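1. would you be able to build a 3D model of this:
(chains A and B)
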Amino acid sequence: MTRRIDWWGLALLAPAFLLMFALFVVPAFSSVVGAFAGEGGPTLAHFRRAFGTYGGDIWFTLWMVVAAVLIIAALAVLIGGYLTLGGSRAAVAVLAWLYRWPLFVPMVCAAQMMRSFLARNGMLNNTLIASGLLTPAGAGSMLDWRGILITFVWKQLPFVTLITAGAMAALDRSLIEAARDLGASRMRVLFGIIVPLVRGPLLVASVLTFVTLMSVLSVPVMLTADSPTMITVDMAYRITTFGDYGTADALGVISYLLTMGAAWLYLRDAARQRAVFR
Amino acid sequence: MGLFAFAIFGPIANLVLWAFAERWFWPHALPSQYGFAFWQRVFSPRGGAWESMGLSIGIALLTVVISLALAIPAGYALARRAVPLRAVLMLLFLLPQAFPTLPIYMNIARLFYSVGLNGTVPGVVLVHSLHGLVLAVWIAAAAFAAVDRQQEEAARNLGAGPLRTFATITLPAALPGLLASAIFVFLDSLDEFTATYFVGVPDITTMPLMMFNAAMGGNYQIASITALVLLLPSIGFMLLIERFLKADVIAKIGA
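-> Next comes the predicted model:
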């Protein structure tokens, strides 16, 4: 039996689909084509230049993004765990209110805040000096890779925590209470029962964060002028300074591949989990 | 808890201090003189802040209109009609979220350059609508899926046509979710930096671009003031979000 095609449904979808096609599928395709296009046919020259000139930046980018995602995931589990298992109701309420603040703060604003907060004369150093933990002479600037990492964690932690804590709140309380009654410590319940059950949402949020951080231009530009920097900065530089779309596209394709690697790790894990539970 | 509060609010507090500081010399922990002089400068006719703000808000409103005009029919079709390849289409509407955006934006800019859309308001609105559409289609599909089918069927049985049923039953029931998606899209466009950086150059200076230029020019006060103005709607929305986006809609996202 052939199903009748719902032409009305398709017609309702068509305008959205066309915009998506023109502004996403076409540019994505053209970036891949541009990465291989040479004057006399397909070439790997752009990739040679990308790896030759920006090899260090590629590693730096991967390392920054992976480190940020790991730190964020760990903190999100701890915060979500406290929100689920915490003993003091007041502390839970305060924490739940507190952690969301940076959720919708634009990345550029976060970068500007951190630029002043982490600078040599910033509030972090001033507070440490005032509390006697640091001498004025020992105060240094953190506006390098540490600044990038701190900004990434500050900005993206609420998102991953929101998803993770939401999944934790949706769990069956009786399971957690049974384990607590049998004498399991909070940490044991968190890592033995809760984390395995919220693994899916936690990983989805982590992969989305990986993708987001992979495309941030403002934070590395504003926080550090050092080398190595992130490849987003290199892409913008190749285009605005040299009009060199070839190398920029090659770096773009490399960032697709890194993202696909993260997505592949997630999909493999999801498939394995499904196999275990079946 | 105190340390965590400092980690969250410290950077925000530092920004607020800079916004009101007139003189601030290292190694003083606090500014030596506060005032509104820089606010006057930013919001003076020559400061360009009003212009940027108007431009940002105008672009964001147009982005909401385009995104929702395309997303409402698309979301309805995905939620209610037997569209072939529904799963593939849903995935396509998610894909831009799962893809590094910067290489996409730079190729859009290249494309727009050849058709004269670079540095124009329509160009920036279109590129913002790409991301707005992703948010709006998913939320709209979830909002329509959460509408009670029996009410629609009752209306049809009483003789209402499909359009009338949609306008009097389905649309009002889905309205809170659609409103939430509109706010999401609006904020997203207001805060957008990377796409505007590539596509808007050189004529479109939205608030984030103005902030970025001031920051790169080394003017901490002006950058902080602009950042603070940008921050207010974001934080306001963060505090309101739970009232707008109901749990039953969130549960249907992606279903």
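
2. mind checking what secondary structure B:Ala74 has?
-> Assigned by DSSP: H, G, I helix; E, B strand; the rest coil, the conformation of B:Ala74 is helix.

3. run the chain-centre distance for the longest helix anywhere in chain A.
-> Identified as the longest helix of chain A according to DSSP state H is helix A:45-85. The chain centre lies 7 Å from the centre of helix A:45-85; the measure is Cα atoms, centre = their mean, to the nearest Å.

4. what mean pLDDT does the next helix or strand along the chain from it get?
-> Using DSSP states H and E, the helix or strand that directly follows helix A:45-85 along the chain is helix A:89-98. Averaging pLDDT along helix A:89-98 yields 84.

5. which residues touch helix A:89-98?
-> A:Ile79, A:Tyr82, A:Leu83, A:Gly86, A:Ala165, B:Met1, B:Phe4, B:Ala5, B:Ile8 (Cβ atoms under 8 Å, 6 or more residues apart in numbering or on different chains). No exception for glycine: its C-beta is placed from N, CA and C like everyone else's.

6. just give me the closest of those residues to B:Gly116.
-> Checking those against B:Gly116 by Cβ to Cβ gives B:Ile8 as the nearest, at 44.8 Å.

7. for stretch A:17-26, buried residues please.
-> Buried residues in stretch A:17-26, counting neighbours by 16 or more other Cβ atoms under 10 Å in any protein chain shown, are found at A:Phe17, A:Leu19, A:Met20, A:Leu23, A:Phe24.

8. run the chain-centre distance for stretch A:147-155.
-> How far stretch A:147-155 lies from its chain's middle: 10 Å, per Cα atoms, centre = their mean.

9. got a markdown table for the contacts of helix A:89-98, with pLDDT and neighbour count too?
-> Listed next are those as a markdown table, based on pLDDT from 0 to 100; neighbours: other Cβ atoms under 10 Å in any protein chain shown:
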| residue | pLDDT | neighbour count |
| --- | --- | --- |
| A:Ile79 | 92 | 24 |
| A:Tyr82 | 89 | 20 |
| A:Leu83 | 90 | 20 |
| A:Gly86 | 80 | 16 |
| A:Ala165 | 90 | 25 |
| B:Met1 | 72 | 11 |
| B:Phe4 | 79 | 14 |
| B:Ala5 | 80 | 13 |
| B:Ile8 | 80 | 18 |
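
10. with distance to B:Gln151 as extra columns, can I get those in JSON lines?
-> Below are the contacts of helix A:89-98 laid out as JSON lines (distance: Cβ to Cβ, whole Å):
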{"residue": "A:Ile79", "distance to B:Gln151": "40"}
{"residue": "A:Tyr82", "distance to B:Gln151": "42"}
{"residue": "A:Leu83", "distance to B:Gln151": "36"}
{"residue": "A:Gly86", "distance to B:Gln151": "41"}
{"residue": "A:Ala165", "distance to B:Gln151": "34"}
{"residue": "B:Met1", "distance to B:Gln151": "47"}
{"residue": "B:Phe4", "distance to B:Gln151": "46"}
{"residue": "B:Ala5", "distance to B:Gln151": "47"}
{"residue": "B:Ile8", "distance to B:Gln151": "44"}
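
11. of these, which is the nearest to B:Thr194?
-> B:Ile8 (24.8 Å).

12. next, the angle from the longest helix of chain A to helix A:89-98.
-> If you take axes from the mean of the first three to the mean of the last three Cα atoms, to 10 degrees, helix A:45-85 sits at 150 degrees to helix A:89-98.

13. say whether chain B is contacted by helix A:45-85.
-> No: on the criterion Cβ under 8 Å from any Cβ of the partner chain, helix A:45-85 is out of touch with chain B, staying 8.6 Å away.

14. show me which positions of the host helix or strand of B:Val124 end up buried.
-> With elements taken from DSSP H and E, the one containing B:Val124 is helix B:121-145. Buried positions in helix B:121-145, judged by neighbour count with 16+ other Cβ under 10 Å: B:123-145.

15. of all of the stretch 151-278 of chain A, which residue lies closest to chain B?
-> The minimum distance from the stretch 151-278 of chain A to chain B, using Cβ to the nearest Cβ, falls at A:Gly252 (2.7 Å).

16. report all helices and strands that the helix or strand of chain A with the lowest mean pLDDT contacts.
-> Ranking every helix and strand in chain A by mean pLDDT, DSSP states H and E puts helix A:123-130 at the bottom, with a mean of 80. Helices and strands touching helix A:123-130, by 3 or more Cβ pairs under 8 Å, 6 or more residues apart in numbering or on different chains; DSSP states H and E, are helix A:107-117, helix B:2-20.

17. before we move on, the earlier item: against which helices or strands is the helix holding B:Val124 packed?
-> Using 3+ Cβ pairs under 8 Å, 6+ apart: helix B:121-145 touches helix A:7-20, helix B:49-80, helix B:86-94, helix B:101-115, helix B:171-191, helix B:194-199, helix B:247-252.
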